[in-house]
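>>> A structural model of the following input is requested.
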Amino acid sequence: MRRVVVPVVADLHDPGAAVDLLLRGYRPNTHRSYMSKCRAFFHYCDVHDRAPLPATVDTLIGFILFELQRGALAPPSLVK
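Here you go, the predicted model:
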């Protein structure tokens with residue numbers, strides 16, 4: 001299995017410009033929604049003693065199942 005490595009914004013030449021570029025691609029409500037899901041994922045990882053990044057398949061599946069059990073994910077959210 002081949003892994004794809006994605007650069008971390010902090011590793012780029014101008015991290016601030018990279019963050020601005022990424023943020024301009026989303027409307028404010030979408031940004032807030034994604035950040036909320038991101039915080040939920042980091043919380044799940046912290047509570048369940050999982051490394052968030054790079055996340056393993058087991059961690060992602062565990063998070064999805066956890067969120068489904070909480071009723072926090074609707075089917076369209078799974079696509080995201």
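>>> how close does Ala74 sit to Pro15?
Ala74 is 33 Å from Pro15, where distance means CB to CB, to the nearest Å. Using the backbone N, CA and C atoms, a C-beta is placed for each residue, glycine as well.
>>> tell me which of the two has more neighbours.
Between Ala74 and Pro15, counted using other CB atoms under 10 Å, Pro15 has the larger neighbour count: 12 against 8.
>>> pLDDT wise, what is the more buried one at?
Here, the pLDDT recorded for Pro15 equals 72.
>>> over to Pro54?
Pro54 is assigned 85 on the pLDDT scale.
>>> same thing with Val9?
Val9 is assigned a predicted lDDT (pLDDT) of 60.
>>> same check on Met1?
The score at Met1 is 45. That number is its pLDDT.
>>> pLDDT-wise, which helix or strand of this structure ranks last?
Every helix and strand of the chain was ranked by mean pLDDT, DSSP states H and E. The lowest is helix 75-79, at a mean of 68.
>>> now the helices for this protein?
Here the chain has its helices, by DSSP state H, at 15-24, 28-47, 57-70, 75-79.
>>> confidence-wise, which of those helices is weakest overall?
Across the helices of the chain, helix 75-79 gives the lowest mean pLDDT, at a mean of 68.
>>> and stretch 13-22, what's buried?
Neighbour counts over stretch 13-22 (16 or more other CB atoms under 10 Å) mark Ala18 as buried.
>>> same thing with stretch 37-52?
Quick answer for stretch 37-52 (16+ other CB under 10 Å): Lys37, Ala40, Phe41, Tyr44, Cys45, Arg50.
>>> same question, stretch 31-38
By 16+ other CB under 10 Å, the buried positions in stretch 31-38 come out as Lys37.
>>> so how far is that stretch from its chain's centroid?
Offset of stretch 31-38 from its chain centre (CA atoms, centre = their mean, to the nearest Å): 8 Å.
>>> could you do stretch 23-34 as well?
With CA atoms, centre = their mean, you get 13 Å for stretch 23-34.
>>> right, I'll call it a day here.
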